[in-house]
Every structure is written in C-alpha cells, then in structure tokens.
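Novice: Any chance you can model this:
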Amino acid sequence: MSSIASAYSPSPASMFQPPQDTWPLAQQPLQQQPLQEQQQPLVDPASNKSCKQNKGASAFIKKLYSFRFSMINDARFQNRITWSTSGSSFFIYNAKAFANQVLPVYFKHGNFSSFVRQLNMYGFHKINKSTTSSRQQHQQYQQQQQSPEGDVWEFSHTQFMRDRSDLLPQIRRKTVDADGLRRESGDLHTSVAIMQTAQSELVQQFQELQSTFQFLQSAFGDLQQNQMRLQYGIRKVIATGGVLSPPGMWCCN
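Specialist: Next up is the predicted model:
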C-alpha cells in the first residue's frame, strides 16, 4: 500500500511547478505600448516640419531668410532690404547704407562686395531688367528715401521665394571651379555692377572734394581782396596825414 500511495502522490518539487501549458506564458515579459503612442505631441506638426526644414538650410541662407529672425524680415531694415511685390525676388536699397547698417548686425563684416559674392556662390542672380512692378517699387523708394538713381539691387533665386521656406534646404553652395564660375554671365554682370557702384562712390567723393576746393578758393580770393583794401587804406591814411575816410570809399584804383 505504501508503494501504491507513493506512486500516486505528487512530489514536493512538482507541487510548486505550474502546468506545462502555462509555463511559456509565465516566461514572456509584459508588453508595453511604445512611448510615442502613449504621449501626445507637444508642438504643432506643421511647426515641427518647418523647424526640420530650417535645419537643412545653410547658415548664410538662415541669416538671409529664416523663420523668425532674418535680415529680409527684420522690421528695422525694411528701408534697406525687402521683398519684391511678387515675392520671387528681393531688393537692396542704397548699398553703402545697407553695408553700414545691416550687414554688421548679421555678419562679422560690412563689406557689400563680399555679401554679393556669397549670393553668387549660392546661385542668386542680379536682375538687370526689372518688371514694371519692380520699376514702380524702385521709383517709390527713390522718392521716399531720396536714393540716387540706379542704387537699387534686385536678386532672385528659383528656390528663394516669400512664404516658401520649405524650399530653402535646396539652396546649396556652388562647387564649380573658378573658371566655370567666371564664365557665368550672372557673375560677370554682378562684378560690373559692383565696379560701377565703386566708381560712383569715387565720383561722388571727387565732386565733394572739388566743391570744397572751390569754396576754399573763393574764400581765399575774398581774403586777398580784403587785404588789398586794407593796405590801400593804410597808404591813403599815411598820404593824407592821418585823415581817415569811410571804408566804403576805399578802392584800389
């Protein structure tokens, strides 16, 4: 009887083991939902998309036109740089004032020629023949700011448009060699325009110096005449024995 009881009674070790069909389930860890599915996004998806697109743009393009702070959208400098009416190009008014007032705020220099070369390296082109609306915008600015004729620069890029920040990452720096870069007509026109601007500044400085010289020459002539009248008056006083006549009667005849 004891052998039969021992055969049918479970051993102490087997009493603590789960059934065989439930053992694999006991080894499986609890599955949790991914963290991304549990949490709601904290930012607007459209805004997040814009931030990702902005990260793809170069530093120069970000300074030129970023989503929050850029020179072309800076309200302080709308009289120096602004979008065209169509939004497919932008204007720079008064290159000298732009270089002195705007460039040092965003770059470590105030060299307008260097800024234009950077635009060329990123594929921007200077527009020489503007549309009718652009010409009207030029004339309106020149009347308001008294800008010299021709001191308005217009640049464009196929991927640089107002309210199209998604295109900015496509604006890349050129990798062509120096010979190929010199062969591009757009760069040639820009170089000529820069030389013309420098020449205009030199002509203006020369005219100012010439005007100053004429003023000094006229003042020197007046001093000579006053000196001659004074000398003649002294001689006349000596000749008349100390009798003075009114200064208006002094003459050199």
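
Novice: so how far is residue 57 from residue 165?
Specialist: Noted for residue 165: a distance of 8 Å to residue 57, by Cβ to Cβ, to the nearest Å. All C-beta spots, glycine's among them, are computed from the backbone N, C-alpha and C.

Novice: neighbour-wise, which of the two wins?
Specialist: residue 57 (21 against 17; other Cβ atoms under 10 Å).

Novice: Pull up the gap between the more buried one and residue 104, please.
Specialist: From residue 57 over to residue 104 the distance is 22 Å, taken as Cβ to Cβ.

Novice: what does residue 173 give?
Specialist: 23 Å.

Novice: likewise residue 121?
Specialist: In terms of Cβ to Cβ, residue 121 sits 21 Å off from residue 104.

Novice: For the chain, which element, helix or strand, carries the lowest mean pLDDT?
Specialist: Least confident helix or strand of the chain, by mean pLDDT, DSSP states H and E, is helix 35-38 with a mean of 42.

Novice: Let me know whether residue 190 touches residue 115 as I believe.
Specialist: No - using Cβ atoms under 8 Å, residue 190 makes no contact with residue 115, being 11.1 Å away.

Novice: just the helices in this structure please.
Specialist: Applying DSSP state H to the chain gives helices spanning 2-8, 23-27, 35-38, 45-56, 59-64, 95-101, 103-106, 112-121, 132-145, 178-183, 185-239.

Novice: Can you get me a residue count around residue 115?
Specialist: 21.

Novice: so what's it up against?
Specialist: 99, 103, 107 (Cβ atoms under 8 Å, 6 or more residues apart in numbering).

Novice: Repeat the analysis, applying 7 Å as the threshold.
Specialist: residue 103 (Cβ atoms under 7 Å, 6 or more residues apart in numbering).

Novice: What separation do you get for it and residue 174?
Specialist: 16 Å.

Novice: OK, contacts around the residue lying closest to residue 168 once chain neighbours are set aside?
Specialist: Counting by Cβ to Cβ, 6 or more residues apart in numbering, residue 57 is the residue found nearest to residue 168 once chain neighbours are left out, at 4.0 Å. Applying Cβ under 7 Å, 6+ apart to residue 57 gives the contacts 168-169, 171.

Novice: Could you check the pLDDT of residue 57?
Specialist: Predicted confidence (pLDDT) for residue 57: 79.

Novice: still on that earlier bit, neighbour count for residue 121 and residue 104, which is higher?
Specialist: Ranked by neighbour count (other Cβ under 10 Å), residue 121 and residue 104 place residue 121 first, with 16 against 11.

Novice: how close does the more buried one sit to residue 84?
Specialist: Distance, residue 121 to residue 84, by Cβ to Cβ: 22 Å.

Novice: can you check residue 228 too?
Specialist: Distance from residue 228 to residue 84, counting by Cβ to Cβ: 63 Å.

Novice: for residue 235, same thing?
Specialist: Per Cβ to Cβ, residue 235 is found 73 Å from residue 84.

Novice: the more surrounded of these two?
Specialist: residue 84 (19 against 10).

Novice: Surely the more buried one is in contact with residue 127?
Specialist: No - the criterion here is Cβ atoms under 7 Å, and residue 84 misses it with residue 127 at 9.1 Å.

Novice: Now the common contact residues for these two.
Specialist: With Cβ under 7 Å, 6+ apart, residue 84 and residue 127 have common neighbours residue 154.

Novice: same question for stretch 229-248, mean pLDDT?
Specialist: When pLDDT is averaged along stretch 229-248, the result is 73.

Novice: Check stretch 100-114 too.
Specialist: 88.

Novice: Ok, stretch 198-214 next?
Specialist: Rounded mean pLDDT across stretch 198-214 is 87.
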